[in-house]
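Chemist: only geometry, no sequence info:
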């Protein structure tokens, strides 16, 4: 019985590591069922940190960052921004090849799809840090 428990624990740990590996890297917003027309880039790091760059309309790219947690068993992703403000939603995630789909747990029908793509250097260099006083709604 102890051996079975240890095998299950190792298996879950491996699955969690694989899911974290699949999620890690740069992603570009490509579609949504909700009509959002923002240009969004997000990068997830294996260490549990993220960076996000979002451009709304003709304005600049706004940069924000923080930490995320991935529950690999439930395939649920949640996070907080650097000021400890939680993300708008917790997401059920699915990674397949070069596609990341994030479906809000708290908001039925809200789903966004990202494509694996390196964040252009120009987006990183030309972005402005986002603060609450900017009045920009954070995407995640």
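Modeler: Sure, I can see it. Please read all numbers here as calculations on a predicted model, not as lab measurements.

Chemist: could I get the full set of strands for the chain?
Modeler: Applying DSSP state E to the chain gives strands spanning 25-32, 39-44, 49-55, 61-71, 76-81, 91-96, 99-104, 111-116, 128-129.

Chemist: with mean pLDDT and mean neighbour count as new columns, can those be given to me in CSV?
Modeler: Where C-beta positions appear, they are placed from N, C-alpha and C, glycine not excepted. Listed next are those as CSV, based on pLDDT from 0 to 100; neighbours: other Cβ atoms under 10 Å:
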stretch, mean pLDDT, mean neighbour count
strand 25-32, 84, 18
strand 39-44, 94, 20
strand 49-55, 94, 21
strand 61-71, 94, 18
strand 76-81, 96, 18
strand 91-96, 94, 17
strand 99-104, 95, 18
strand 111-116, 93, 17
strand 128-129, 90, 12
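
Chemist: rebuild those strands as CSV, extending it with distance to residue 18.
Modeler: Listed next are the strands of the chain as CSV, based on distance: least, Cβ to Cβ, whole Å:
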stretch, distance to residue 18
strand 25-32, 14
strand 39-44, 14
strand 49-55, 19
strand 61-71, 11
strand 76-81, 15
strand 91-96, 10
strand 99-104, 15
strand 111-116, 16
strand 128-129, 33
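
Chemist: for residue 17, which of the ones you listed is the nearest?
Modeler: Comparing the strands of the chain by their distance to residue 17 (Cβ to Cβ), the top pick is strand 61-71, with 10.4 Å.
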